[in-house]
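Chemist: heads up, no residue letters with this:
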């Protein structure tokens, strides 16, 4: 037990710069309206997200569930979660990828139609977090599949997730304009 605590304190948190400062002054309705505009332009109406748990501690999943409650209600902004990666536009992977889940994460990636957006949600998904050097962990999501975006936090709050989704949708919109 002592070794686990020592490992927790020694593990460096890697936090990528989040451009949420651009959206911090907005309330959730304004963020949602901007998300809805981007979703309409990029995906023709709705963004289908397939969430895959790579072996997490379920903290990020609880924050994703909170996105569907009456406070955030992401469905009204054109975002919905789907049960099959074959129907998804975005693959959202949480947690470090365990050896048992590596094949499942890869299968979900392969089943998601192109063009797909892959997002690693949480610090554990970036590099394995406190579980990084464990025998049971392959590593972060990018050790198994290519990752386009990372939403930092341990776990990120629903507001951070929404602001990050807005940021990545605007980045995707700028990319599609350039090409």
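Modeler: Cool, the structure landed. As the structure is a prediction and not an experimental result, all values here were calculated from the model.
Chemist: go through this structure and flag its longest helix.
Modeler: Ordering each helix of the chain by length in residues (DSSP state H) puts helix 158-178 first.
Chemist: list the buried residues in it.
Modeler: 158-170, 172 (16 or more other CB atoms under 10 Å). Yep, even glycine has a C-beta here, placed from its N, CA and C like the rest.
Chemist: can you name the residues in contact with it?
Modeler: Applying CB atoms under 8 Å, 6 or more residues apart in numbering, the set of residues contacting helix 158-178 from outside is 18-20, 22-24, 28, 31-32, 34-35, 38-39, 41-42, 47, 63-64, 66-67, 71-72, 74, 79, 117, 119, 121, 148-149, 151, 153, 156.
Chemist: pick out the residue closest to the middle of this protein.
Modeler: The residue lying closest to the centre of the chain (CA atoms, centre = their mean) is residue 121, at 3.3 Å.
Chemist: what does the pLDDT read for it?
Modeler: On pLDDT, residue 121 comes in at 92.
Chemist: for it, grab phi and psi.
Modeler: phi -100, psi 120 (degrees, to the nearest 10).
Chemist: what's across from it in the sheet?
Modeler: Listed by DSSP bridges, the beta-bridge partners for residue 121 are residue 94, residue 151.
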